[in-house]
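Engineer: sequence and predicted model, in that order:
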Amino acid sequence: MDCRNFSRGRLLPALVSVCFFVSIVSSAALAQVRKIDFAGVTWTVRSGSGGPGPNQWSDSEESVWLDEAGHLHLKIRKIDGVWHSVEIDTDGFSTHGEHRFLVEGQIDDLDRHVVLGLFVFANDRNEIDIEYSKWSTPSRQNVGSYAVQPYSTQGNFLRFVSPLDTTLSTHLFNWQADSIVFASYQGLQHGEPPSQDQVINKWTYTGANIPNPLRNLRTIVNFWMFRGTAPVDTSDLEVIIHDVVQPIAVTSVDERPASQPEGFTLHQNYPNPFNPETTIRYSVPSGEKVTLKIYNTTGQEVRSLVNGIESAGEKTMVWDGRDNFGTPVVSGVYFYRLQTGRHQAVEKMALLR
């Protein structure tokens, strides 16, 4: 019911009461949205009902939680006799760069009706997917899939066989303006695996449906039931996400300056992860005050690399993994921010000692 459709002077007292009740319920529901901080960003935990599936979605701490190591647990559970799936999505928007998901779970042998999704999404035509599922076919071997939506377009979809040596695996896509490179590896890999034997699959997409970051895509992880069908094997309906390494878009489309210059660019550092040094490339369009700073996951400044007037053009800086006092910092996730008078950009990197 939309209470705005009625003239205030003609509302019956009973209808006023109904609208007041609806308003209170809606406000309470908004206040109870659950948030979690994981992998350096804030995520919303989904609740209610709806697609894919359709499914019922649980935001309870028994369904979605972080352990002492900071790893994310996702569990499909029966609650009051009804099966519930789980999903989280980033509050901020995603952008070009590598999206890497470090996963624990026997995802090559999930229950026939269960799906693990690792993806960025704005709508059904602006979406990049990595999914694992048997899609209700018990004998299916090609349980892995890469897709750029719409998946039904020729060349936008790839299935692959993905036998895992252990319960640990890594899955990524490097999303750029002219290509998307997908890859899956055995084990938890922060970079290229040390052996080609650990490469499960790779695929490069250069078709016409690469999403534009201006469409406001969010990073999403979900663990759900295909067509809402209850699982057959209920012994292990849990996956653990050790980390999600992804680029961060500082602002939404509506907040970006309309005059964002072509020459303002912050590139992903290389190598990433790194030890002990990494190179950061950036460019500014005109001579002006520029800062390039490193922050930890709590927002504290770790190192100031640039702080002064710079001429226009492409620049390169090297961070040696030390703070402003020359002390080596610990392993972990860090952010670097490039800022001029009116523009800023942020990227994420990982130091492994």
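Structural biologist: Thanks, I have the structure now.
Engineer: so what's residue 332 bridging to?
Structural biologist: With DSSP bridges as the criterion, residue 332 is bridged to residue 351.
Engineer: quick one, what contacts it?
Structural biologist: By Cβ atoms under 8 Å, 6 or more residues apart in numbering, the contact list for residue 332 reads 296-297, 350-351. Quick note: C-beta positions are derived from backbone N, CA and C, even for glycine.
Engineer: tell me the one of those residues nearest residue 150?
Structural biologist: Proximity of these to residue 150 (Cβ to Cβ) peaks at residue 350, which lies at 33.2 Å.
Engineer: okay, the closest one: pLDDT?
Structural biologist: Looking at residue 350, its pLDDT reads 92.
Engineer: ok, and the closest non-adjacent residue to it?
Structural biologist: Closest residue in space to residue 350, ignoring its immediate chain neighbours: residue 273 at 4.0 Å, by Cβ to Cβ, 6 or more residues apart in numbering.
Engineer: how far away is the one you found from residue 192?
Structural biologist: Counting by Cβ to Cβ, to the nearest Å, the separation of residue 273 from residue 192 is 11 Å.
Engineer: returning to that earlier point: just the buried ones from the contacts of residue 332?
Structural biologist: The neighbour count (16 or more other Cβ atoms under 10 Å) marks 296, 350-351 as buried among these.
Engineer: and which of those is nearest residue 149?
Structural biologist: Distance to residue 149 across these (Cβ to Cβ) is lowest for residue 350, with 28.7 Å.
Engineer: so what's that closest one up against?
Structural biologist: 190, 245, 272-274, 332-334 are the contacts of residue 350 under Cβ under 8 Å, 6+ apart.
Engineer: what's the spacing between it and residue 44?
Structural biologist: Using Cβ to Cβ, we find residue 350 at a distance of 24 Å from residue 44.
Engineer: now the contacts of residue 332 in a markdown table, with distance to residue 64?
Structural biologist: Shown next, in a markdown table, are these (distance: Cβ to Cβ, whole Å):
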| residue | distance to residue 64 |
| --- | --- |
| 296 | 25 |
| 297 | 20 |
| 350 | 24 |
| 351 | 28 |
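Engineer: what's the closest of the residues you listed to residue 92?
Structural biologist: For these, the residue nearest residue 92 by Cβ to Cβ is residue 297; the value is 14.1 Å.
Engineer: with adjacent residues omitted, what lies nearest to the closest one?
Structural biologist: Closest residue in space to residue 297, ignoring its immediate chain neighbours: residue 40 at 4.8 Å, by Cβ to Cβ, 6+ apart.
Engineer: do residue 82 as well
Structural biologist: Residue 82's closest residue in space is residue 56 (Cβ to Cβ, 6+ apart), at 5.7 Å.
Engineer: that older thread, list the contacts for the residue nearest to residue 297?
Structural biologist: Contacts of residue 40 (Cβ under 8 Å, 6+ apart): 297, 333, 335, 348.
Engineer: can you check residue 158 too?
Structural biologist: 145-147, 182, 203.
Engineer: that one belongs to a strand?
Structural biologist: Yes. Counting by DSSP: H, G, I helix; E, B strand; the rest coil, residue 158 is located in a strand.
Engineer: report the beta-bridge partners for it.
Structural biologist: Counting by DSSP bridges, residue 158 is bridged to residue 146.
Engineer: looking at it now. What's its pLDDT?
Structural biologist: In this model, residue 158 carries a pLDDT of 98.
Engineer: go ahead and confirm residue 333 touches residue 347.
Structural biologist: No. Between residue 333 and residue 347 there is no contact, the gap being 11.3 Å when judged by Cβ atoms under 8 Å.
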